[in-house]
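[1] Sequence plus predicted model, see below.
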Amino acid sequence: MSDREIMRLYRSGARERAFEAIVSNYRERLYWHIRRFTCTHEDTSDLLQDTFTKIWAALPSFREDAQLFTWIYRIATNEALNFLRRKKVRAMISFEDVRSDMERKIDSDPYFNGDALQRQLHKAILKLPPKQRLVFNLRYFDEMKYEEISEITGITAGSLKASYHHAYNKIKAELEKIF
Amino acid sequence: MPFSVPDGYFDKLQRQVMERIDTSAADPVPSTGRSVTYRILQITVAASITAAVIMGGFSLAGNISDARQEERMLDESFFYTELMPSDTDILYDASYGYIADTGPSEEDIIDYLIYTGTPVELLNESDYE
């Protein structure tokens, strides 16, 4: 079912069916989008459920001046960035190192089945600032256009290109240190 | 992706989400964008300002040297003393111990920093890369 058909269904009053279609269409895409920020399945699962609950609650106020796709991604991205922010603040208070903690999670994650290069790639991504990480993930993994990323993040395409370029160079430098 | 998910996770997720929204809201209410924590923070800030104004009033009054004013203040302070609870119960709750001893929790601080939008970088400059 396309986004347009989903919204038509929602407006016709079949709200639960429309929402069910949203969950069905977006669950995997949003899962991987969030997982690249959180690294672990457990955190991703919690955030994904929160994201869908927020989408359900906010659907009546969705004005359709943006695409459903970008609107949903924006909610998921906000959830993921808030998660990182929360994690960073908590770490600041308890004097922990977020990056090492997340690297440890990648190493001990039973659901990580990549090779050594992929492991290092994800560890290098963890070292990026949130904005660069977001742009890199959406561009590199989701293969989104800068215009689409711009709609999701509210950042100009020019700034996104610069961020992606910086991110790419940092990751390349990190991987060259090891391989 | 080098990550995987438990078997049948996405089907289970669909059910969990639908159950969650069934129980949380039969009819979705437009989000106001303000959480309960935010409202509590607003009330706390308002209470703090009120307390500061009252304390400021006392402080200002204390600087007035005029004897008549002092006398009046004495009367007033008596009045306020009358209003102050003499019972120590207000400071003690059997289930929580001394309320005055319980400061904001770690979660309160984190929620405050997040909802006020305080940049994390301000907390630790060396972390800013």
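    That came through fine.

[2] Show me the shaky parts of chain B.
    Residue ranges of chain B with pLDDT under 70: B:1, B:22-36, B:57-103, B:118-129.

[3] what stretches of chain A score poorly on pLDDT?
    Counting by pLDDT under 70, chain A contains low-confidence ranges at A:94-96.

[4] Just the closest residue of it to chain B, please.
    A:Gly114 (2.2 Å; CB to the nearest CB). Using the backbone N, CA and C atoms, a C-beta is placed for each residue, glycine as well.

[5] And that residue, how far from A:Lys123?
    Using CB to CB, to the nearest Å, A:Gly114 is found at 11 Å from A:Lys123.

[6] what sits against the nearest residue to the residue of chain A closest to chain B once chain neighbours are set aside?
    In this structure, A:Gly114 finds its nearest non-sequential neighbour in B:Pro2, 2.2 Å apart by CB to CB, 6 or more residues apart in numbering or on different chains. Contacts for B:Pro2 (CB atoms under 8 Å, 6 or more residues apart in numbering or on different chains) come out as A:112-115, A:118-119, A:122.

[7] Mind giving me the ChimeraX command for buried ones among these?
    In ChimeraX, a selection of the buried entries from the contacts of B:Pro2 looks like this (16 or more other CB atoms under 10 Å in any protein chain shown):
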select /A:112,114,119,122
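
[8] wait, does stretch A:17-35 contact chain B?
    Yes. Interface with chain B: stretch A:17-35 contributes A:19-20, A:23-24, A:27-28, A:31-32, A:35 (CB under 8 Å from any CB of the partner chain).

[9] So which of the residues you listed are in helices?
    Among those, the ones falling in helices (DSSP state H) are A:19-20, A:23-24, A:27-28, A:31-32, A:35.

[10] Can you turn the buried part of these into a ChimeraX selection?
    Buried residues within these, by 16+ other CB under 10 Å, are selected in ChimeraX with:
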select /A:19,20,23,27,31,35
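
[11] for the ones in helices among the residues of stretch A:17-35 next to chain B, which one is nearest A:Phe62?
    Distance to A:Phe62, by CB to CB, is smallest for A:Phe19 among these, at 11.5 Å.

[12] The closest one is in contact with A:Tyr10, isn't it?
    Yes. With contacts counted by CB atoms under 8 Å, A:Phe19 reaches A:Tyr10, the gap being 7.5 Å.

[13] Now do the strands in chain A.
    Along chain A, no segments are classed as strands by DSSP state E.

[14] where exactly do the helices run in it?
    For chain A, the helices defined by DSSP H cover A:3-11, A:15-38, A:41-58, A:68-94, A:98-108, A:116-126, A:130-136, A:146-153, A:157-178.

[15] Which positions within the longest one qualify as buried?
    The one in question is helix A:68-94. For helix A:68-94, by 16+ other CB under 10 Å, it's A:68-73, A:75-77, A:79-81, A:83-92.

[16] neighbouring contacts of the helix or strand hosting B:Asp11?
    B:Asp11 belongs to helix B:9-24 when elements are defined using DSSP states H and E. Helix B:9-24 has contacts (CB under 8 Å, 6+ apart) with A:16, A:19-20, A:23-24, A:27-28, A:31, A:41, A:45, A:48-49, A:52-53, A:56, B:28.

[17] could you give the angle of that helix to helix A:41-58?
    Here helix B:9-24 runs at 40 degrees with respect to helix A:41-58, directions being taken by axes from the mean of the first three to the mean of the last three CA atoms, to 10 degrees.
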